[in-house]
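In: Predicted model, plus sequence, below.
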Amino acid sequence: MTNPIPVSINLRGDLEKVLDEKINEMGIKPKKGRKSHPADARSLFCIYLNAIRRRVEPKPRTVHFSTQLQIQIPQQNSDYQNALNTIRSLAETGGDLNPYLSRKLSEDYNDMLMNDWKIHHFHLGTTLNVQGVIKGTKELLFGWITDTEFYGIGIFDHNSFPEKELLEIIQNDWPQLLKKTDAKSRGIIDVHDPYTPEERKQLRDAGISIVTKLHDGTITFPPGGGYATDGTSMEVSMEVMKILQPIWDLQLGIKSNPQQYVQLIQAQTGITLKELKIILINTIQGFKVIEESTGSVLAKWE
């Protein structure tokens, strides 16, 4: 009888440590009222992915300004115009736009506008405060950001977060952005959408996602994917489960059939192991699962 191969593996514990490191590297503070972040893998992963989602990765993008924004720009004061020029230049050259974003960027925070409508908001200051972010302004630039494009929607104040006009502008100027969440393509013919901005804000605060009907008859599901009742992004929650389950499955597979992985590592390295020590480690782009003594990569997420 073949002796069982000893296996040392705790991917859950390793992942919790890695995620805690990544969250601390990003400077994310615990939720208000908490002294520390929750310790379980799922919660830490949600915090981490939510923080990434709320940021804008520095990379060159093609900039588009809506008709509404082009009308608004000449009406702004010189500071706002300078800020808009800087934001445009940073977007086009791949500069860092994050100092212009929410004052809560370094907190474990649910951006309900982002989770609902996939819209960022940028402050229009021209100087940094002591925290290293652009000083807050009454008026904001609202924008829709993709990997390759920067869509400037318009300049509005802080009370505009639940205003349907933001989606109306997107539909008028770039209707292709709302195609993926078009409710009519999924069989919904019509909806009753009587909500005032105040009521829409109350629904968001309560964690209730709704569809939105626009002036041209377009009906859209939340372009940002919506949110759970605790405000957590549904897209983040689904992405977390999509990543976590294969990790747990990998651990189960290694523990139940270590010989298979000994053979895999032998094929990669020419080394026949008498025991397996499997660890999950931090990388610049994400994390990976390796056999420690050989460095053989068994899985990676980036």
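Out: It's in.
In: Checking the residue lying closest to I155 once chain neighbours are set aside next. Helix, strand or coil?
Out: Closest residue to I155 in three dimensions, ignoring its sequence neighbours and counting by Cβ to Cβ, 6 or more residues apart in numbering: Q72, at 4.9 Å. C-beta coordinates here come from the backbone N, C-alpha and C atoms, glycine included. Reducing the assignment to helix, strand or coil with DSSP: H, G, I helix; E, B strand; the rest coil, the entry for Q72 is helix.
In: Quick one: neighbours of Q72, just the number.
Out: Q72 sits with 19 neighbouring residues when counted by other Cβ atoms under 10 Å.
In: Got the confidence number for it?
Out: If you check Q72, the pLDDT there is 97.
In: Can you list the buried residues in stretch 42-59?
Out: Of the residues in stretch 42-59, 43-51, 53-56 count as buried by neighbour count, 16 or more other Cβ atoms under 10 Å.
In: again with stretch 129-148
Out: Under 16+ other Cβ under 10 Å, the buried positions of stretch 129-148 are V133, I134, T137, E139, L140, L141, F142, G143, W144, I145.
In: And it, how far out from the chain middle?
Out: In this view, stretch 129-148 has its centroid 16 Å away from the chain centroid, taken as Cα atoms, centre = their mean, to the nearest Å.
In: Would you mind writing the CA trace of that stretch as CSV?
Out: Extracted in CSV, the C-alpha atoms of stretch 129-148 (Å, rounded to 0.1, in the frame of the first residue of the first chain):
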residue,chain,number,x,y,z
ASN,A,129,-5.6,69.2,1.1
VAL,A,130,-3.5,67.7,3.9
GLN,A,131,-4.7,64.2,3.1
GLY,A,132,-3.3,64.5,-0.4
VAL,A,133,-6.6,64.7,-2.2
ILE,A,134,-8.1,67.6,-4.2
LYS,A,135,-10.0,70.0,-1.9
GLY,A,136,-13.7,69.4,-2.1
THR,A,137,-16.0,71.6,-4.2
LYS,A,138,-19.7,72.4,-4.2
GLU,A,139,-20.0,71.4,-7.8
LEU,A,140,-18.9,68.1,-9.2
LEU,A,141,-18.1,66.6,-12.5
PHE,A,142,-20.0,63.3,-13.0
GLY,A,143,-18.5,60.8,-15.3
TRP,A,144,-18.8,57.2,-16.7
ILE,A,145,-15.4,55.5,-16.9
THR,A,146,-14.4,52.4,-18.9
ASP,A,147,-11.0,50.8,-19.5
THR,A,148,-10.6,52.9,-22.7
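In: Any stretches of the chain with poor pLDDT?
Out: 1-3 (pLDDT under 70).
In: What is whichever strand in it runs longest packed up against?
Out: The strand spanning the most residues in the chain, taking DSSP state E as the definition, is strand 149-157. With contacts taken as 3 or more Cβ pairs under 8 Å, 6 or more residues apart in numbering; DSSP states H and E, strand 149-157 sits against strand 62-65, helix 67-72, helix 78-93, strand 139-145, helix 165-173.
In: contacting residues around the second one?
Out: Residues external to helix 67-72 that are found in contact with it (Cβ atoms under 8 Å, 6 or more residues apart in numbering): L141, G152, I153, G154, I155, I169, N172, D173.
In: for the buried residues of stretch 42-59, which one is nearest L19?
Out: Nearest to L19 out of the buried residues of stretch 42-59 is L44 (Cβ to Cβ; 3.9 Å).
In: Thanks again, I'm all set now.
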